[in-house]
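1. Any chance you could fold what I've pasted below:
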Amino acid sequence: GTGLTPRQLDWHCGAEQGRGQCTGRFIEGLGRRIQHRVHGFGGRGRMVLMATKGTRRAALGVTSAALGGVLAACGEGAAPGGAAPAPASGPVKLAYLSNLAETHPEGAARLSLLAEYQKEFASKVTIDVEGGKAATGLDKYKTVAAGGSAPDLGYVAYYEAADMFASGMVIDVDTELKGDKEWVKQRADLYPTMLESSSWTGKLVSIPMYTNDVAMIYNKGLLDQSGVAAPKEGWTWDDLTAAAAKTAKPDRISVSMNWGFWLLLLRTSGSSPITPDAKRMTVDSPEMLQVIEFMQSLIKAGHAPADGKTETYREAKNDTVFEFQGPYRIPTLRQANAPAFGVIHAPVNPKKKVIATTNGGHNVVIFKETSAPRRAAAAQLARWLNAPHAQAQMCIKATSLPVSKAAFAAKELQDYLKTDVEMKGFVDLAPNGWRWPALPSWPKINKAVQDSVAAILKNETSPRDGLAKAQRDAQALLDEDVKLMK
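-> Next up, the predicted model:
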């Protein structure tokens, strides 16, 4: 009846309020069944809160007046009839976690934005960022949530949110922001793939904040020395093969190619590895076979390393001509004094000629087991982080990409891109992106396909047999997710 979860008592108790001090500490309990003892009310007894799954009941050994003092001390009142707790009289306290530490450029940029928000809305919210200075992975998020100590909001890899929602940890953000006019506009402005990949069973399980992509970087000096013109918009797989042949030398790597970028090449064919309804895998398609055969041709010709070695441009040996790469690597290349490079979209399928890129990225989730005021405050913070200004700052400070059209067009971002032509090459591809749909089993599905692709490129199996195995293994995993959709 208090409207407080065990976790909230544990967090909020301990604040001195006048004559009473709620020392609310764990007395015993695991998971959702926890007792708290309350002191400081003239020795008039204690309050024990018993919280079990699906119910919350208070066994009171204090007077009604004392209970009111406890709730005031904890900063969260309760409306009559077990309704959602009334808003706190002071700033709402929020706890924040991050999947990237403050030592990571993106982790640091997130903290900078939170500090900006805190300064602007100091009278409304207080954000505890201490936990967010270290990295919290999915397993740890699950552990703290199961132990009743989940934060109010946190950054996760976009594909992890579906798993968290299916586990009952996080909320449907649309439900929390229902009726918010600003959110309605921001939501409609998101690139479709960003919105779709943040949804699970028709629920928006997280808010996309920023993304990344993959393009081709090329060594300007080596192309010039070889008499090869820099690639132009619309260049094809055939153009890459021809350029690689002209620049080939025994001590050179013509194409540094991460084998995982088969997906990017598939997208230039206008194809995807999964159906639009996310219920059937399609990695045994004719288009996928073309991709694999193209990758094999680069390896057999000696243009790409046979062992799959990649990320050679950063070694700054001036021996790599082309490399599939993302914007996140720009700071590393510059710090290593890597040779001057240009950026252009990946070469496209010679027949389909679709200019495309593939995306990853990070989203923010709102945790379920908090109070109504805190969920509301966390949702407003998340909405602000998705707005054009915050997105633009993430792009500038952490070499990331926007997830909405308004952020892409933001003056502060476009002004910055005038000073960074390499970054502009990646950002300009933002409208051409695609990423996997939100699936609880996506990491396993992706690994199943990657393993088969690697086996093919290592000549351990034939392309057709390898792709058939990838289809079987990935579909079996996807079938388990499909069951959860019902």
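
2. I'd assumed Met216 was in contact with Pro347.
-> Yes - judged on Cβ atoms under 8 Å, Pro347 makes contact with Met216 at a distance of 6.9 Å. Every C-beta, even on glycine, is put in place using the N, C-alpha and C of the backbone.

3. Need the residues touching each of the two.
-> Contact criterion Cβ atoms under 8 Å, 6 or more residues apart in numbering; residues bridging Pro347 and Met216 by contacting each: Pro231, Leu240.

4. Please name the residues that touch Arg435.
-> Applying Cβ under 8 Å, 6+ apart, one finds that Arg435 lies in contact with Tyr158, Thr193, Met194, Ser197, Thr211, Thr358, Asn359, Gly360, Gly361.

5. confidence score at the closest residue to it other than its chain neighbours?
-> Once flanking residues are discounted, Arg435 sits nearest to Asn359: 4.1 Å by Cβ to Cβ, 6 or more residues apart in numbering. Asn359 carries a pLDDT value of 98.

6. Wait, Asn359 touches Gly433, no?
-> Yes - with contact defined as Cβ under 8 Å, Asn359 counts as touching Gly433 (4.3 Å).

7. bridging residues for the spatially most central residue of the chain?
-> For the chain, His362 is the residue whose C-alpha lies nearest the centre (Cα atoms, centre = their mean; 1.9 Å). Counting by DSSP bridges, His362 is bridged to Ala157, Tyr210.

8. wait, it sits on Tyr155?
-> Yes - contact criterion Cβ under 8 Å: His362 and Tyr155 qualify, at 5.2 Å.

9. Spit out the residues that contact the two alike.
-> In terms of Cβ under 8 Å, 6+ apart, His362 and Tyr155 are both contacted by the residues Asn99, Leu100, Met209.

10. who wins for most neighbours among those?
-> Sorting the shared contacts of His362 and Tyr155 by how many neighbours each has (other Cβ atoms under 10 Å) puts Met209 first, at 25 neighbours.

11. ok, that residue touching His362?
-> Yes - between Met209 and His362 there is a contact under Cβ under 8 Å: 5.7 Å.

12. Overlap in contacts, those two.
-> Here Met209 and His362 share the contacting residues Tyr155, scored by Cβ under 8 Å, 6+ apart.

13. Let me know the pLDDT of Met295.
-> Looking at Met295, its pLDDT reads 98.

14. Would you check how far apart it and Ala306 are?
-> To Ala306, Met295 is 11 Å away according to Cβ to Cβ, to the nearest Å.

15. And Asp238, by the same measure?
-> Look at Asp238 and Ala306: by Cβ to Cβ, they are 22 Å apart.

16. again with Leu381
-> On the measure of Cβ to Cβ, Leu381 and Ala306 end up 49 Å apart.

17. remind me, longest helix of the chain?
-> helix 463-485 (DSSP state H).

18. what ranges do the helices span in the stretch 301-450 of the chain?
-> Secondary structure of the stretch 301-450 of the chain (DSSP state H, counting those that start in this stretch): helices located at 330-335, 372-386, 388-398, 405-409, 411-417, 421-427, 442-457.

19. residue contacts, the residue nearest to the centre of the chain?
-> Taking Cβ under 8 Å, 6+ apart, we find His362 in contact with Asn99, Leu100, Glu106, Tyr155, Val156, Ala157, Tyr158, Met209, Tyr210, Thr211.

20. residues near the third one, how many?
-> Translated: Glu106. Glu106 has 23 neighbours, counted by other Cβ under 10 Å.

21. That one contacts Leu401, doesn't it?
-> No - counting by Cβ under 8 Å, Glu106 does not reach Leu401; the two are 11.8 Å apart.

22. any low-confidence regions in the stretch 1-150 of the chain?
-> Applying pLDDT under 70 to the stretch 1-150 of the chain picks out residues 1-89.

23. Just the pLDDT for Ala485.
-> No, residue 485 isn't Ala; it's Met. Listed pLDDT for Met485 reads 89.

24. So what's the residue count around it?
-> By the criterion of other Cβ under 10 Å, Met485 has 13 neighbours.

25. nearest residue to it other than its sequence neighbours?
-> Here the residue nearest Met485, using Cβ to Cβ, 6+ apart, is Thr201, at 5.2 Å.

26. phi, psi of that neighbour?
-> When read as degrees, to the nearest 10, the backbone of Thr201 gives phi 50, psi 40.

27. Also Thr175?
-> With angles defined as degrees, to the nearest 10, Thr175 sits at phi -60, psi -40.

28. SS state for Asp238?
-> Taken by DSSP: H, G, I helix; E, B strand; the rest coil, the conformation at Asp238 corresponds to helix.

29. actually Thr461, not the one I wrote
-> coil.

30. Am I right that Ala438 is in contact with Pro208?
-> No - contact between Ala438 and Pro208 fails when scored by Cβ under 8 Å: they sit 10.5 Å apart.

31. re earlier: wait, what's in contact with the residue nearest to Arg435?
-> With contacts defined as Cβ under 8 Å, 6+ apart, the neighbours of Asn359 are Thr193, Met194, Thr211, Asn212, Asp213, Leu401, Gly433, Trp434, Arg435.
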